[in-house]
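In: okay, here's the prediction I keep looking at, along with the sequence it came from:
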Amino acid sequence: MNEKENKTNENQTMNEEPHPEIAAIDHNGNLEPIEKLMTIFSAYNHQHRAEATAWTVWPEWELVLTSMEDDLQFVDAERDTPEIIAERQYWLNVMQFIHDSDAVTLDEYTLIVDGIHGHQFTFDMCLEYEYWVSPRSLVEHYQKTNIGPPWRENTLLYFSRHEIEHSLEAYWECPEHVPKYGGQPTRFTQGNRFCIDKEDSDIFPLALQTLIQLCIDDTEMWSMMFEQDMRDIEHHEFMERKWPGGRPDQDWEYQ
């Protein structure tokens, strides 16, 4: 193929009309919620959806309208490091995983995950801080933190990091299907939420997919939380033995 033919093909590519799904992306709307973010990735991978193949197409420019990390937003073959390339693929993997899973429902920022044993887990995905956070909290968070002049950073956070809601009541009984602990009651689970930490060093999309899979599997999650309750019981009993009347405020061991 000669240089003139190459030039013609490049111009044809540049002048092609975008796929209808890409053209339908609401570039004037809020693309930050996971539900809207999905429309970007899904649109660009429309052919992979049709062929039931792995998603590999990174959006051209739309992610600049979100809080996605700056280094990830645009593909730059000359500057992208292997780590950046790998993280983009982790994002593509988790977005396809969510899209294809019958167990996951998206509602604005909120992910609702149905476990295989009949329980439900709910949390919000905060792209800006790369955390999962207390469910149904980010709408209010952004309503309150977007008030004021743009040069004044608002440091107040209207959510709790790493918090996940489950479908059982407070002081829940460990589900029967959980090995070793099934059927046993908890003593220090005052609410229907618990905390699953994400380390700062964790790659967010990879950690997010692992969390969703934990929720779907619906066993290890309960085991982890029941063991936390056992540790809380042990700590409480230790405190009662050591200070039956309550720990003195000036006890030197706690200063």
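Out: That came through fine.
In: next, count neighbours for Glu240.
Out: 11 (other CB atoms under 10 Å). C-betas here are computed from N, CA, C, even on glycine.
In: what residue lies at the spatial centre of the protein?
Out: Met125 (4.0 Å; CA atoms, centre = their mean).
In: would you mind giving the secondary structure of that one?
Out: strand (DSSP: H, G, I helix; E, B strand; the rest coil).
In: surely it is in contact with Leu211?
Out: No. Applying CB atoms under 8 Å, one finds Met125 not in contact with Leu211, separated by 9.8 Å.
In: got any residues that touch both of those two?
Out: Here Met125 and Leu211 share the contacting residues Trp132, scored by CB atoms under 8 Å, 6 or more residues apart in numbering.
In: ends of stretch 54-71, how far apart?
Out: Terminal residues of stretch 54-71 lie 23 Å apart, using CA to CA, to the nearest Å.
In: please begin residue numbering at 785 from this point
Out: Yep, numbering from 785; the last one is stretch 838-855 now.
In: let me see the contact set for Gly966.
Out: Cys958, Pro959, Glu960.
In: contacts only, for the residue nearest to the centre of the chain.
Out: Contacts of Met909 (CB under 8 Å, 6+ apart): Ile818, Tyr893, Thr894, Leu895, Trp916, Val917, Leu992.
In: could you rerun that using 6 Å?
Out: Taking CB atoms under 6 Å, 6 or more residues apart in numbering, we find Met909 in contact with Ile818, Trp916.
In: any idea where the strands of this structure begin and end?
Out: 888-891, 894-898, 904-910, 915-917, 947-950, 977-979 (DSSP state E).
In: would you turn these into TSV with mean pLDDT and distance to Leu856?
Out: Converted to TSV, the strands of the chain look like this (pLDDT from 0 to 100; distance: least, CB to CB, whole Å):
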stretch	mean pLDDT	distance to Leu856
strand 888-891	98	21
strand 894-898	98	20
strand 904-910	98	16
strand 915-917	96	17
strand 947-950	97	25
strand 977-979	94	27
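In: the closest residue to Leu922 other than its chain neighbours: what's it in contact with?
Out: Distances taken as CB to CB, 6 or more residues apart in numbering place Tyr893 nearest to Leu922, at 4.0 Å, with adjacent residues excluded. By CB under 6 Å, 6+ apart, Tyr893 lies in contact with Pro817, Asp908, Leu922.
In: if we go to 7 Å?
Out: By CB atoms under 7 Å, 6 or more residues apart in numbering, the residues touching Tyr893 are Pro817, Ile818, Asp908, Met909, Leu922, Val923.
In: the strands of the chain into a markdown table, with extra columns for distance to Gln968?
Out: Listed next are the strands of the chain as a markdown table, based on distance: least, CB to CB, whole Å:
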| stretch | distance to Gln968 |
| --- | --- |
| strand 888-891 | 29 |
| strand 894-898 | 24 |
| strand 904-910 | 20 |
| strand 915-917 | 27 |
| strand 947-950 | 16 |
| strand 977-979 | 16 |
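In: mind giving me the PyMOL select for the contacts of Tyr893, buried ones only?
Out: Filtering the contacts of Tyr893 down to the buried ones (16 or more other CB atoms under 10 Å) takes a single PyMOL command:
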select buried, resi 817+818+908+909+922
